[in-house]
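Q: I would like the atomic coordinates for the input below:
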Amino acid sequence: MTATMERVRDVLANWPYPPDGGWTADDLDLLPQDGPHGEPDFFKRVELVDGALIFMSPQRRFHDLVIRRLADVLDRQSPDDLTTATQMDLRLGPRQRPCPDAVVINASAAADLSRTAYVSSEVRLVIEVVSPESEHRDRHVKPKIYANAGVEHFWLVEEERGKPVIHTFQLDPSAGEYGSTGAYRGQLKIEEPFPVNIDLADLLQ
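A: Model prediction:
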């Protein structure tokens, strides 16, 4: 390494406190997978929301099934220039790097297999499946972050008596927030962001 090369920031120098200047979206690429004391997979599932490092809880089976099945269906029904990714970060600002459950992104962006995050201009749709430990973030905090970043479409998946319900939203650019475009039980059939027809019971098969 030459003397002119910038020294890599040691993001764990102050652990368990944030690094100097606070956590940034770039810092997540510098985290090791294991913890400061060798804890396996300690940093495997983290996201940055409003500058705070959030450790995500283990998923329930409902959550896992819905994400995987929904991603498969959207991949089959989306246009060729779009594809679906799961558990990939979105770099939406210096202090914002959420990790939504699923995103529909430009296929050209997904073709780069070295990517660790996508930016809002590459994202067509963001999907969050509500978990008990993240209800407030999923329903109130993260939608505002996605809207502020200009992501046009957002879906929120809730569990209702053991079945998935999908709430769909579209960005109102003049208001800078999402407006509801529907709540779907049993069948999801919509035209935006592209034509989609899903039997919601299939998401749990």
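
Q: Tell me, how many residues neighbour the nearest residue to Gly22 once chain neighbours are set aside?
A: Leaving aside its chain neighbours, Gly22 sits nearest to Gly51 (5.4 Å; criterion: CB to CB, 6 or more residues apart in numbering). Every residue, glycine included, has its C-beta placed from N, CA and C. Gly51: 15 surrounding residues under other CB atoms under 10 Å.

Q: Now the element after the biggest helix by length in the chain, going C-ward?
A: Assignment by DSSP state H gives helix 61-77 as the longest helix of the chain. Next helix or strand after helix 61-77 toward the C-terminus (DSSP states H and E): strand 82-86.

Q: The helix or strand just after that following strand pairs with which strands?
A: Following strand 82-86 in sequence order, the next helix or strand is strand 89-90 (DSSP H and E). For strand 89-90, the paired strands and their directions (DSSP bridges) are strand 117-118 (parallel).

Q: Distance from the chain centre to the partner strand, please.
A: Averaged C-alpha coordinates place strand 117-118 at 10 Å from its chain's average position (CA atoms, centre = their mean, to the nearest Å).

Q: any idea of the mean pLDDT in the helix or strand following that strand?
A: For strand 117-118, the following helix or strand on the C-terminal side (DSSP H and E) is strand 123-129. The average pLDDT within strand 123-129 is 98.

Q: got it, and stretch 195-205?
A: Mean pLDDT, stretch 195-205: 96.

Q: Quick check: buried residues in stretch 190-198?
A: The neighbour-count check on stretch 190-198 (16 or more other CB atoms under 10 Å) flags 190, 193-194, 196, 198 as buried.

Q: Now do the strands in this protein.
A: 46-49, 52-55, 82-86, 89-90, 102-106, 117-118, 123-129, 153-160, 163-172, 177-185, 187-190, 196-199 (DSSP state E).

Q: just to revisit the earlier point, mind giving me the packing neighbours of the longest helix of the chain?
A: Applying 3 or more CB pairs under 8 Å, 6 or more residues apart in numbering; DSSP states H and E, one finds that helix 61-77 contacts strand 82-86, strand 102-106, strand 123-129, strand 153-160, strand 196-199.

Q: try 7 Å
A: Applying 3 or more CB pairs under 7 Å, 6 or more residues apart in numbering; DSSP states H and E, one finds that helix 61-77 makes contact with strand 82-86, strand 102-106, strand 123-129.

Q: one step back: redo the strands of the chain as JSON lines? Include distance to Arg68.
A: Below are those laid out as JSON lines (distance: least, CB to CB, whole Å):
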{"stretch": "strand 46-49", "distance to Arg68": "19"}
{"stretch": "strand 52-55", "distance to Arg68": "22"}
{"stretch": "strand 82-86", "distance to Arg68": "7"}
{"stretch": "strand 89-90", "distance to Arg68": "19"}
{"stretch": "strand 102-106", "distance to Arg68": "9"}
{"stretch": "strand 117-118", "distance to Arg68": "19"}
{"stretch": "strand 123-129", "distance to Arg68": "11"}
{"stretch": "strand 153-160", "distance to Arg68": "12"}
{"stretch": "strand 163-172", "distance to Arg68": "13"}
{"stretch": "strand 177-185", "distance to Arg68": "19"}
{"stretch": "strand 187-190", "distance to Arg68": "16"}
{"stretch": "strand 196-199", "distance to Arg68": "14"}
